[in-house]
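Please find the sequence and the predicted model below.
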Amino acid sequence: GAVIGILGGGQLGRMLSVAASRLGFKTCIYEPGGDCPASHVANFHFQKSYDDEAALRQFGESVDVITYEFENIPTSALDILEALAPIHPSRRALEVSQDRLVEKTFLRDLGLEVAPFANVESRDDMDAAVAKIGAPAILKTRRFGYDGKGQARLKSADDATAAWEAMEGAPAVLEGFVEFSCEISVIGARAQDGQVACFDPGENVHREGILHTTTVPANVPARLRTDAVLVAGRVLNALDYVGVLGVELFVTPAGLIVNEIAPRVHNSGHWTQNGCVIDQFEQHIRAVAGWPLGDGSRHSNAVMENLIGADMERVAALAAEVGAGLHLYGKAEAKPGRKMGHVNRISPKG
Ligand code: ATP
Ligand code: MG
Ligand code: MG
């Protein structure tokens, strides 16, 4: 059968591999780390650095299509790989989502609402940005941020110096603080023939910057759920996208504001594993493999809870719980802040 190459060996790569095997594909992981979650379930593992040109070439030659589970893939690696196998989602999708300034500009130019933002690459930029955006505000590194890392909050303009210093010189964007009533996300998919399907929006609650729960259906008016799906469709089509995309949105009295997009399967889409016939991982594999999308309609209500660090002490109880789908990533050490697994609690569709 065909071999699907996956860049990145974390839990997302692991669950993509499982979904791919269920459809009869083989998977090949490229991940410098050794004992990684995806390597336990994939058929092949290139435990090689992204600087290793020979290994990248060998990987590209041994797979039929390449996808990824994280957006910070070095450009030099993509230059080598794109000559050897198709990469889905495209490099354009990666470029847009790797850098918050490019991302926010792209979304705004699509006519979507985003928080007011300004580029900050120097102390002078910082002062100009605070003058333009005001406070409260959030300064975020343009690249490599996740789980709320690389962010500094400004309660007032007096916090500008501390926030700028927290970036340690990295280019950043200052964003106006959005007074949202809740956060929702849409997991959308687009096939190679342009067919689009979106999962029902979920409502997200964060703890200490990390996603804690996703609840479906989101407790927002039906018209906003429709708007959210339309936003995702707009982004998918604008990027001529192939695969699954996560779109995070803030709900405000004035409507939806797009926070960020992720060109991959998304933590807030894990509920689909137990809430739908076809989950986000299979949907992604179908799209990148050139298959039609599957039926992602929701058959149940669901609450996904992330299991982080010491939450693993509750695994025995969770394993005995009725209506709870348990998903563990096989990580050796349960460090604070580390995502170890998740549980999907399912109830009849309401
Ligand atoms: P992720 O792990 O989702 O990739 P991240 O590190 O990329 O997170 P963001 O999603 O940008 O960071 O921000 C993390 C959280 O901080 C958001 O989910 C939201 O709760 C809050 N937040 C971010 N930007 C704003 C804003 N402009 N106004 C209000 N709250 C915000
Ligand atoms: Mg992010
Ligand atoms: Mg986010």
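Structure received. Keep in mind it's a predicted model, so treat the numbers as computed, not measured. Numbers count the residues shown, from 1 in each chain. Ligands and ions are numbered 1, 2, ... in the order given.

Residues of the stretch 1-150 of the chain that sit close to ligand 1?
Within the stretch 1-150 of the chain, the positions adjacent to ligand 1 are 115, 138, 140, 145-149 by C-beta under 6 Å from any ligand atom. Backbone N, C-alpha and C define where each C-beta goes, glycine included.

Of the residues you listed, which is the most crowded?
Comparing those by number of neighbours (other C-beta atoms under 10 Å), residue 140 comes first, having 26 neighbours.

show me the contacts for that residue.
Residue 140 makes contact with 100, 150-151, 172-173, 175 under the criterion C-beta atoms under 8 Å, 6 or more residues apart in numbering.

Go through these and say which is closest to ligand 1.
Closest approach between those and ligand 1, by C-beta to the nearest ligand atom: residue 175, at 4.1 Å.

Against residue 156, how distant is that closest one?
Using C-beta to C-beta, to the nearest Å, residue 175 is found at 16 Å from residue 156.

which one of these two has more residues nearby?
For residue 175 versus residue 156, neighbours defined as other C-beta under 10 Å are more numerous around residue 175 (21 against 11).

Tell me the confidence at the more buried one?
As summarised for this prediction, residue 175 has a pLDDT of 98.

who's in contact with residue 156?
With contact taken as C-beta under 8 Å, 6+ apart, residue 156 is in contact with 135-136.

Find me the pLDDT at it, would you?
Reading off the per-residue confidence, residue 156 sits at a pLDDT of 97.

centre of the chain versus whichever helix or strand residue 229 is part of, how much separation?
With the criterion set as DSSP states H and E, the secondary-structure element containing residue 229 is helix 222-238. In terms of C-alpha atoms, centre = their mean, to the nearest Å, the centre of helix 222-238 is found 17 Å from the chain centre.

next one: stretch 257-264
Going by C-alpha atoms, centre = their mean, where stretch 257-264 is centred and where its chain is centred differ by 8 Å.

touching ligand 1 at all, that stretch?
Yes - using C-beta under 6 Å from any ligand atom, stretch 257-264 reaches ligand 1 at 259-260.

Begin at 52, not 1, for the rest of this chat.
Renumbered: residue one is now 52, and that last one reads stretch 308-315.

List the contacts of residue 243.
Residues in contact with residue 243 (C-beta under 8 Å, 6+ apart) are 139, 293, 338, 341.

how many neighbours does the closest residue to the second one other than its chain neighbours have?
If I follow you right, that is residue 293. The spatially closest residue to residue 293, leaving aside those adjacent along the chain, is residue 139, at 4.2 Å (C-beta to C-beta, 6 or more residues apart in numbering). The local packing of residue 139 (other C-beta under 10 Å) involves 22 other residues.
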